[in-house]
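Enquirer: Can you look at this prediction? I've put the sequence above it.
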Amino acid sequence: MTSFMKQTAGASFVDLLKDGAKHFSGVEEAILRNVEACKKLSEVTATSFGPNGMNKMVVNHLDRVFVTSDSFTILKEMEVQHPAAKLIFLASAMQKEEVGDHSNWVVLFAGALLSGAEALIAMGIPAPDIVNGFTRGYELATSKIGDFATAKLDSLKNSEQVTRAIRGVICSKLHGLEDVVAPLVAEACMSVLPKDPARFNVDNVRVAKVLGGGISDSKVVNGFVIARDVEGVVKRVEKAVVAVFTQGIEPGATETKGTVLLRNAKELENYSKSEEEAMDKCIDEIASAGVNVVVSGAAVNELAMHFLERRGIMVIKNNSKFELRRICKFTGATAMSRVGKPTPEELGKCDHAFVEEIGGTVCTVLDNDNQGAQVSTILVRSSTGNQLDDVQRAIDSGVSAYRMLCKDSRLAVGAGAVEVELARAIGQVAESTTSLDQYGLRKFGEAFDAIPRALAANAAQDAVHAVAALHAEHEAGRVSMGIDIVNGGVMDAKEANVYEHVATLEEALRLATDAAVTILRVDQIIMAKQAGGPKPPGM
């Protein structure tokens, strides 16, 4: 029975809900409460922004330790529960999934917008007017971003231009190693570029992590690398003809249980012999199709292994259905759910299949001599598993950036130069605006300063002085000047080859603005009573 039924007169909104439900409304309880949570989230990742960002050590619910400056990984393993803060995280996750870069930019900019909104609310500006100002600022910014494109790729097959375009993405996650990793990503992406660049698939570039050595020992393999040994004694095959089976290779089992009565040793011998003959015939059919490499998605029976090795067939076991799919894509094979003779259309081919020991790890390599393979693998070497994970995240971001370049190859100078120009342009419009929208518009422009401010602060510079000096340079007409994170002060980002992708910036701006506006439009928080019994201590 609810408290509403117990009362004889008058009822609040909470009385309409089950006992234990919570309700918050108004500026103080709803809007400012949400803004404060989002600001705290932004402050967590702000110190990890840019090439000099600090690492965070996160221990997730499985006691796995993550030491990284990647904001998406940090927020994901933190398991953010606050509803408003989770909206910011979801916007960052969408940026990571769709674009691959600027996920921290989304959190930082959304936090700056909400911080500005908090100041306006304290001044008495209504939330709808702030939202209108932010919306108008977003429309103005998107119309201006294209004007700051200063470079464009002439060819997606030009290694030097592609390396320059993705260098900034790699540098933001692996400062000091971008000149090693960026050329590897460029080479791997260009080797799998289809005739229609718009159909480039990030899944065609794999990362194989091998402990031992250093980052400089990493290389690109024009094919597929599996970090495990083959099953038998056949270690190398030239001009491989590949058959892929999604199931294990073993004698078939009957659908129903049965009992076999054996009266003497002769019957036992004949029983096992019939099973051997059936398996021998099955393997013989596979070999007669010209197959010399078999890829199995499950275990291979000892009897089957015996007959496969007698015919010199290499056996590769791989339990991952995703990797089986990539092997099929690389070789042109079709995965079969039956064990038997494959048709010519179901077979795949590659030039070499061999086993190689790399840094103490035995790897199986499938590769081609030509450069037109559909799958390429970046073999990453490092002395620690944590650094391998960081390199993989940086490579994934670089590959995603290349995919965006296939759709839109425009580049703008980075290091905070574009953000300062947008702040100046929006500030000038706000000065000429007479409605209440001018306050939200001005705060929207000021929010862009959070990007160069974070770059300078994380590089151990006086952030206020650095941003002021950057604005002075842009006022003087030097629009390519940005924050110098190495020597301090400002630098010409164009001369330093520091670029960011225009389409990436547009998508990040859209997601951050949408998240901030959505949060500001919340005027009530209604929390139903959580289901389930009492939680154990510590939960």
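Expert: Thanks, I have it.
Enquirer: Number of residues surrounding residue 213?
Expert: 15 (other Cβ atoms under 10 Å). Backbone N, C-alpha and C define where each C-beta goes, glycine included.
Enquirer: how about it, what does it touch?
Expert: Listed by Cβ atoms under 8 Å, 6 or more residues apart in numbering, the contact set of residue 213 reads 359, 381-383.
Enquirer: Please narrow these to those residing in helices.
Expert: Using DSSP state H, no member of the contacts of residue 213 sits in helices.
Enquirer: Going by neighbour count, which of the residues you listed are buried?
Expert: The neighbour-count test (16 or more other Cβ atoms under 10 Å) marks 381-382 as buried among these.
Enquirer: Counting only strands, which of the contacts of residue 213 make the cut?
Expert: Within those, residues falling in strands by DSSP state E are 381-382.
Enquirer: Pick the one among the contacts of residue 213 closest to residue 89.
Expert: Using Cβ to Cβ, residue 382 comes nearest to residue 89 of the contacts of residue 213, at 28.6 Å.
Enquirer: For the closest one, list the residues it contacts.
Expert: So residue 382 contacts 209, 211, 213-215, 388, 391 (Cβ under 8 Å, 6+ apart).
Enquirer: which element is residue 500 on?
Expert: strand 499-501 (DSSP states H and E).
Enquirer: now that strand: how far from the chain's centre is it?
Expert: 18 Å (Cα atoms, centre = their mean, to the nearest Å).
Enquirer: And the next helix or strand past it?
Expert: Assigned by DSSP H and E, the successor of strand 499-501 is helix 502-520.
Enquirer: So which bits of stretch 213-227 are buried?
Expert: 215, 218, 220-226.
Enquirer: which residue packs closest to residue 123, ignoring adjacent ones?
Expert: Using Cβ to Cβ, 6 or more residues apart in numbering and skipping residues adjacent in sequence, the residue nearest residue 123 is residue 439, 7.5 Å away.
Enquirer: Hmm, that neighbour is touching residue 130, no?
Expert: Yes. Using Cβ atoms under 8 Å, residue 439 is in contact with residue 130, at 7.1 Å.
Enquirer: Poorly predicted segments of the stretch 401-539 of the chain, please.
Expert: The model of the stretch 401-539 of the chain has pLDDT under 70 over residues 525-539.
Enquirer: Please identify the helix or strand for the residue nearest to residue 123.
Expert: Using DSSP H and E, residue 439 falls in helix 437-447.
Enquirer: Using the three-state scheme, assign residue 48.
Expert: Three-state call for residue 48 (DSSP: H, G, I helix; E, B strand; the rest coil): coil.
Enquirer: what's the answer for residue 131, then?
Expert: Following three-state DSSP, we place residue 131 in the helix state.
Enquirer: ok, now the one 4 residues further on?
Expert: Under the three-state scheme (three-state DSSP), residue 135 adopts helix.
Enquirer: Could you measure from it over to residue 143?
Expert: 13 Å (Cβ to Cβ, to the nearest Å).
Enquirer: the more surrounded of the two?
Expert: Taking neighbours as other Cβ under 10 Å, residue 135 and residue 143 compare with residue 135 leading, 17 against 10.
Enquirer: correct me, but that one touches residue 517?
Expert: Yes. In this structure residue 135 lies within contact range of residue 517 using Cβ under 8 Å: 6.6 Å.
Enquirer: Excluding chain neighbours, what is closest to residue 262?
Expert: Residue 262's closest residue in space is residue 268 (Cβ to Cβ, 6+ apart), at 4.9 Å.
Enquirer: what about the spatially closest residue to residue 415 that is not a sequence neighbour, which helix or strand?
Expert: Take residue 415 and drop its neighbours on the chain: the residue closest to it by Cβ to Cβ, 6+ apart is residue 482, 2.5 Å away. For residue 482, the host element (DSSP H and E) is strand 481-483.
Enquirer: Pull up the pairing partners for that strand, direction included.
Expert: strand 490-492 (antiparallel) (DSSP bridges).
Enquirer: Buried residues, the partner strand. List them.
Expert: For strand 490-492, burial by neighbour count (16+ other Cβ under 10 Å) applies to 490-492.
Enquirer: between these, which is nearest residue 318?
Expert: The closest of the buried residues of strand 490-492, once distances to residue 318 are taken by Cβ to Cβ, is residue 491, at 48.2 Å.
Enquirer: In this structure the closest one contacts residue 480, no?
Expert: No. Using Cβ under 8 Å, residue 491 makes no contact with residue 480, being 9.3 Å away.
Enquirer: what ranges do the helices span in the stretch 151-300 of the chain?
Expert: Assigned by DSSP state H, counting those that start in this stretch, the stretch 151-300 of the chain shows helices spanning 159-171, 178-191, 265-288.
Enquirer: can you put those helices in a markdown table and add distance to residue 324, mean neighbour count and mean pLDDT?
Expert: What follows is these, written out as a markdown table (distance: least, Cβ to Cβ, whole Å; neighbours: other Cβ atoms under 10 Å; pLDDT from 0 to 100):
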| stretch | distance to residue 324 | mean neighbour count | mean pLDDT |
| --- | --- | --- | --- |
| helix 159-171 | 29 | 22 | 84 |
| helix 178-191 | 21 | 22 | 86 |
| helix 265-288 | 17 | 13 | 77 |
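Enquirer: Please report the distance of residue 436 from residue 129.
Expert: Residue 436 is 4 Å from residue 129, where distance means Cβ to Cβ.
Enquirer: scratch that, residue 147
Expert: Residue 147 is 28 Å from residue 129, by Cβ to Cβ.
Enquirer: Neighbour count: those two, which is higher?
Expert: Counted by other Cβ under 10 Å, residue 147 and residue 129 do not tie: residue 129 has more neighbours, with 16 against 12.
Enquirer: Run through the residues that contact that one.
Expert: 435-437, 439-440.
Enquirer: go with 7 Å
Expert: By Cβ atoms under 7 Å, 6 or more residues apart in numbering, residue 129 lies in contact with 436-437, 440.
Enquirer: just residue 228 next, same as before
Expert: Residues near residue 228 by Cβ under 7 Å, 6+ apart: 362, 364.
Enquirer: and the nearest residue to residue 174 once chain neighbours are set aside, what are its phi and psi?
Expert: Among residues not flanking residue 174 along the chain, residue 394 sits closest, at 4.7 Å (Cβ to Cβ, 6+ apart). Main-chain torsions, residue 394, degrees, to the nearest 10: phi -70, psi -40.
Enquirer: Also residue 379?
Expert: Torsion angles, degrees, to the nearest 10, at residue 379: phi -90, psi 110.
Enquirer: so it touches residue 226, yeah?
Expert: No. Residue 379 is beyond contact range of residue 226, at 11.3 Å (criterion: Cβ atoms under 7 Å).
Enquirer: Now residue 177. Nearest residue, chain neighbours left out?
Expert: With Cβ to Cβ, 6+ apart as the criterion, residue 177 has its nearest non-adjacent residue at 5.5 Å, and that residue is residue 215.
Enquirer: quick one: that neighbour from residue 170, how far?
Expert: Here the criterion is Cβ to Cβ. By it, residue 215 lies 11 Å from residue 170.
Enquirer: Now for these two: what residues contact both?
Expert: By Cβ under 7 Å, 6+ apart, residue 215 and residue 170 have these common neighbours: residue 181.
Enquirer: tell me the SS of residue 57?
Expert: Quick answer, by three-state DSSP: residue 57 is strand.
Enquirer: What about it, how many residues nearby?
Expert: Residue 57 has 9 neighbours, counted by other Cβ under 10 Å.
Enquirer: now do the one 4 residues further on
Expert: Using other Cβ under 10 Å, residue 61 is surrounded by 7 other residues.
Enquirer: Excluding chain neighbours, what is closest to it?
Expert: Residue 61's closest residue in space is residue 79 (Cβ to Cβ, 6+ apart), at 6.9 Å.
Enquirer: gap between that neighbour and residue 85?
Expert: As for residue 79, its distance to residue 85 is 11 Å (criterion: Cβ to Cβ).
Enquirer: more neighbours, these two?
Expert: For residue 79 versus residue 85, neighbours defined as other Cβ under 10 Å are more numerous around residue 85 (24 against 11).
Enquirer: wouldn't the more buried one be in contact with residue 38 here?
Expert: Yes. Using Cβ under 7 Å, residue 85 makes contact with residue 38 at a distance of 5.4 Å.
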